[in-house]
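Peer 1: Build the 3D model from these lines:
(one chain, ligands or ions: 1)
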Amino acid sequence: MSKDTIKTLPAHHESSLSPQNVIDLFKVTFDQELYRDDRQTLSDAIQSVKTELYNRNYAAAFDSTEKRTAYCCRWSPSRAIAYTSLFCHLDAVRDIVQSNTNSEILCIGGGAGGELVSIASIFAPSIDFNAKYSTNKTELQNKTLRVKLVDIADWTTEVQRLTEKLQETWLFDHAADLDIQSINKDVLKMAPEDLNLPSLNLITLLFTTNELFMAEKASSIRFFQRLNKDCASGCHLLIVESAGSYSHITVGTKKFPIQYLIDTLLLGKRGQESTGAWDLVQEHDSLWYRSKDEIDYPLKVENMRFFYRLYRKK
Ligand SMILES: C[S@@+](CC[C@H](N)C(=O)[O-])C[C@H]1O[C@@H](n2cnc3c(N)ncnc32)[C@H](O)[C@@H]1O
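Peer 2: So this is what the prediction gives:
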């Protein structure tokens, strides 16, 4: 396992499109809400999402189109630029996204589009746009990256809007190379055949693990046990959550960081870590992403501080 020593992720990694490109994608997708409609409507929706998230009323935070769009306008852009830098920083994740073979990624709680846009911003530069003009038949068979976004809230419209702009702006005639599926389901209740865990190369749980455990602790534990059983050897699992006490959970009378519980479930009990189904590949307890001041966006672009854990199935 390698403990990350950097304190701050680079604002831009050369393997991806630039942060401004990523932010611009949100600008063109949500042009109506950001630039044309009455700004008060968007501000009100942002305020109510903020209040619901602060009070940990997660279902209420995403229960209307106005609130979901507000999250996509206000938070997903910041998330997307930070995730782009993080995914590029993690060699295994970057390799999966830019692989020359077909790969499949499952983003749990990924309906709001941050993960999708960041994956696309790393995938797009790896496309060989000349390949289709080649006379070599093997080059004509494009690689496909399948991205499945599973979310308990219905983000279908927002994902559709982002997908259309991604295809128009970044993928052009290679749109089919990025196969995006939006699945509106509770991941804890999904049938094994719908999750298709054995075929996955990467699972992301970004700012979602806490919500799962807060909502249903026993089902969440069972879900992690299913990952232990069903994921194929070599599959990666990336978990990101807020650094610090916001990510503590209560079990019995004790409160402790959620990563301790996840480590126990995936790696084995403390002191017997080698007994679990996964290896810990890389981790950081408090990593910053800071956007450049000159980023052009009509709303605040947040800096982020988070912990991450990257696991690999044995
Ligand atoms: C705080 S948001 C994070 C969104 C996104 N991953 C990001 O980083 O910006 C948590 C997401 O997890 C989703 N979620 C919560 N519980 C879920 C469950 N049981 N199954 C699927 N998605 C869930 C929520 O609807 C929401 O979209």
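Peer 1: P10: neighbour count?
Peer 2: In terms of burial, P10 registers 12 neighbours under the definition other C-beta atoms under 10 Å. All C-beta atoms are positioned from the backbone trio N, CA, C, and that covers glycine.
Peer 1: Find the nearest non-adjacent residue to it, please.
Peer 2: S85 (5.9 Å; C-beta to C-beta, 6 or more residues apart in numbering).
Peer 1: is it true that that neighbour touches H13?
Peer 2: Yes. The pair S85 and H13 qualifies as a contact (C-beta atoms under 8 Å) at a distance of 5.5 Å.
Peer 1: what helix or strand does the residue nearest to P10 sit in?
Peer 2: Assessed by DSSP states H and E, S85 sits inside helix 76-89.
Peer 1: one step back: neighbour count winner among S85 and H13?
Peer 2: Taking S85 and H13 together and counting by other C-beta under 10 Å, S85 has the greater number of neighbours (26 against 19).
Peer 1: Mind telling me which residue of this protein is nearest the ligand?
Peer 2: When distances are taken as C-beta to the nearest ligand atom, the chain reaches nearest to the ligand at G109, 2.7 Å away.
Peer 1: what's near enough to touch the nearest residue to that residue once chain neighbours are set aside?
Peer 2: Residue nearest to G109 in three dimensions, not counting chain neighbours: T208, with 2.9 Å by C-beta to C-beta, 6+ apart. Contact partners of T208, counting by C-beta atoms under 8 Å, 6 or more residues apart in numbering, are 108-110.
Peer 1: The host helix or strand of D263: how far from the chain's middle?
Peer 2: Taking DSSP H and E as the criterion, the element that holds D263 is helix 258-267. Taking C-alpha atoms, centre = their mean, to the nearest Å, one finds helix 258-267 lying 20 Å from the centre of the chain it belongs to.
Peer 1: does stretch 43-53 come close to the ligand?
Peer 2: No. Judged by C-beta under 6 Å from any ligand atom, stretch 43-53 and the ligand are separated, with a smallest distance of 6.7 Å.
Peer 1: related to what we said a few turns ago, what's whatever helix or strand comes next after the helix holding S85 packed up against?
Peer 2: Taking DSSP H and E as the definition, the helix or strand that follows helix 76-89 towards the C-terminus is helix 91-97. Packing partners of helix 91-97 (3 or more C-beta pairs under 8 Å, 6 or more residues apart in numbering; DSSP states H and E): helix 76-89, strand 103-108, helix 114-123, strand 236-242, strand 304-313.
Peer 1: Does V240 touch L86 like I think?
Peer 2: Yes. Shown here, V240 and L86 form a contact pair, counting by C-beta under 8 Å, at 7.3 Å.
Peer 1: got any residues that touch both of those two?
Peer 2: Counting by C-beta under 8 Å, 6+ apart, the contacts common to V240 and L86 are Y308.
Peer 1: now the helices and strands packed on helix 91-97 in TSV, with mean pLDDT?
Peer 2: Shown next, in TSV, are those (pLDDT from 0 to 100):
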stretch	mean pLDDT
helix 76-89	98
strand 103-108	98
helix 114-123	98
strand 236-242	97
strand 304-313	97
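Peer 1: related to what we said a few turns ago, phi and psi next, for the residue nearest to G109.
Peer 2: phi -130, psi -30 (degrees, to the nearest 10).
Peer 1: For the longest helix belonging to the chain, name the packing helices and strands.
Peer 2: Ranked by residue count under DSSP state H, the longest helix found in the chain is helix 39-54. Taking 3+ C-beta pairs under 8 Å, 6+ apart as contact, the helices and strands that helix 39-54 lies on are helix 58-61, helix 65-74.
Peer 1: by how many degrees do that helix and helix 65-74 diverge?
Peer 2: With axes from the mean of the first three to the mean of the last three C-alpha atoms, to 10 degrees applied, the angle from helix 39-54 to helix 65-74 works out at 90 degrees.
Peer 1: Would you mind listing the buried residues in helix 39-54?
Peer 2: Along helix 39-54, the positions that meet the burial threshold by neighbour count (16 or more other C-beta atoms under 10 Å) are 42, 45-46, 48-49, 52-53.
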